[in-house]
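# A predicted structure for the sequence below; I have some questions about it.
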Amino acid sequence: MKISVTVNGVDEELEITPNALLADVIRDQLYLSGTHIGCDTSQCGACTVHLNGMAVKACTVLAAQVDGQAVTTIEGIGSPADLHPMQAAFKEHHALQCGFCTPGMIMRGIDLVNNSEVLDEAAIREGLEGNICRCTGYHNIVKAMFNAALEMAPGKTTEQEVV
Amino acid sequence: MSAEQILIWGGGIMYEFKYHKASSLDEAQSLKTNTADGIYLAGGQTLIPTFKQRLAAPSDVIDLAGIEELRGISTSGSVLSIGAMTLHAEVAASTEVRDSIPALAVLAGLIGDAQVRNRGTIGGSVANSDPAADYPAAVVTLNSSVITTQRTIVGTEFFQGLFETALTEGELITRLEFTVPDRCAYAKFPNPASRYAVVGVMIAEYSGKIQVGVTGAAGCAFRALALEDALNSDASSAAIDAVHIDVENFNSDMHASAEYRAQLVRVMAKRALAAL
């Protein structure tokens, strides 16, 4: 079957099988390998992308379901020369070790800032329930997200600093 | 396993099916009738993992996401109406839900994780009747009606067992109607990995009468009548302690024994009572 989908602002016409997962189409057909498949059981969040501006797990969405919709992957938010504030904060606060979970963390982090009413440390920790990191212990991830939120949406943060 | 199979591991693991996006209820039901073994797809947060585990092999998948009348939240008098394809995230953030039944918004915000709440739907969750799902506690407690393409089913009669409901073949939930209570609270002990309810208890009060619904403990959500009797004569924590919880039909698995779940019913009931 054919689908039309806007990926990172580019209109794509794709020939897919009805049982193809969005995560596989992104990686294997569009060669956007920044979206990682960690668990493939909807738990780890490494495959998090934005579907119409909301974070979803691309391993638990059929590509057929996104016909006519807009997908943003980690490749679509910034570039090495012009990092997204969330990427810059991850770099600044050393919010990664092996980096495998990082694309999903960053996509969830942007969604968390954009779609939350209030952001403090507790809200960020709770907001990371769907993303698993096996290296960092999360602390620097939380710190990076909080500092990115200060820049992206200063009115939403209720604490000055995550220490 | 061939090299090709390994290359297409993610999607290729699922059985093949045809995909249809229905644009109306009539079209969805007609597809269901006219396909060999069609299945409805709501948000897919249970169904797609089920496909990936090869636990389902439908001939056709009928996506309900294009049916506009299945979405939306409204209130009319004392009734809160939520379309079947409304997302958990939409219920959690809805001003109408927060203003009428805030505990229901809280419940929706405790389901799974944010990404799941951005895809999962209330109708899909209720139709699935997972024993550990959250919404069923609200359906049995909140004097609700499950509105389908064919009829209105009383909330307390909807769940019939493990993944079993009153729905007949091809029948679709179109919306859920909840009667706004005077007071309501939901307390849940989540499985720390999946966030499913090991036990969840909802307590609501209607004109001085307390109603208690339990999910997670047994094959499907149910009203805890012994707890209701006790709380209606003495709405106190001590009254909950004195109630004998019958564990005969309780789930016992690697996460919790039946006896442990009985204790969680008491503790969650106390927490809900305290938050009422």
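Yep, that arrived.

# quick one, what contacts residue 73?
As the question left the chain open, I've gone with chain A. Listed by CB atoms under 8 Å, 6 or more residues apart in numbering or on different chains, the contact set of residue A:73 reads A:7-8, A:26, A:32, A:34-35, A:49-50, A:103, A:107. C-betas here are computed from N, CA, C, even on glycine.

# switch to chain B, that's the one I care about
B:80-83, B:86, B:90-91, B:94, B:96-97.

# So for it, what's the pLDDT?
Residue B:73 carries a pLDDT score of 98 in this model.

# so the residue positioned nearest the centre of chain A, which of the three states?
The centroid of chain A falls nearest to residue A:107 when counting by CA atoms, centre = their mean (1.7 Å). Following DSSP: H, G, I helix; E, B strand; the rest coil, residue A:107 is assigned to helix.

# and the nearest residue to it once chain neighbours are set aside, what are its bridge partners?
Setting aside the residues directly before and after it, residue A:107 is nearest to residue A:48 in space (CB to CB, 6 or more residues apart in numbering or on different chains), at 4.4 Å. For residue A:48, the beta-bridge partners are residue A:57 (DSSP bridges).

# okay, now residue A:48: neighbour count?
31 (other CB atoms under 10 Å in any protein chain shown).

# show me the contacts for it.
Listed by CB under 8 Å, 6+ apart, the contact partners of residue A:48 are A:35, A:55-58, A:103-105, A:107-108, A:111, A:130-131, B:115.

# before we move on, the earlier item: could you work out the most separated pair of the contacts of residue A:73?
Greatest spatial distance among the contacts of residue A:73 (CB to CB): A:7 and A:103, at 14.6 Å.

# excluding its backbone neighbours, what's nearest the residue in the stretch 51-200 of chain B positioned nearest to chain A?
In the stretch 51-200 of chain B, the residue found nearest to chain A is residue B:113; the distance is 2.8 Å by CB to the nearest CB. Spatially, and ignoring its direct neighbours in sequence, residue B:113 is nearest to residue A:130 (2.8 Å; CB to CB, 6+ apart).

# Can you give me the neighbour number for the residue of the stretch 51-200 of chain B closest to chain A?
21.

# So for it, what's the pLDDT?
We have a pLDDT of 96 for residue B:113.

# One more: the one 5 residues further on?
Per-residue confidence (pLDDT) for residue B:118: 98.

# Kindly provide the distance from the residue lying closest to residue B:47 once chain neighbours are set aside to residue A:15.
Leaving aside its chain neighbours, residue B:47 sits nearest to residue B:41 (5.8 Å; criterion: CB to CB, 6+ apart). Applying CB to CB, to the nearest Å, the value for residue B:41 to residue A:15 is 21 Å.

# So these two - more neighbours on which side?
Higher neighbour count among residue B:41 and residue A:15: residue B:41, with 26 against 9, using other CB under 10 Å.

# what pairs with that one across the strands?
Assigned bridge partners for residue B:41, using DSSP bridges, are residue B:63.

# who touches it in this structure?
Contact analysis of residue B:41 by CB under 8 Å, 6+ apart lists A:62, A:65, B:47, B:61-65.

# got a pLDDT number for it?
Here the pLDDT value assigned to residue B:41 is 98.

# Please apply the same query to the one 4 residues further on.
With respect to pLDDT, residue B:45 has a value of 96.

# what sits against the spatially closest residue to it that is not a sequence neighbour?
Excluding the flanking residues, the one nearest residue B:45 by CB to CB, 6+ apart is residue B:120, at 4.2 Å. Residues in contact with residue B:120 (CB under 8 Å, 6+ apart) are B:42-43, B:45-46, B:87-88, B:111-112.
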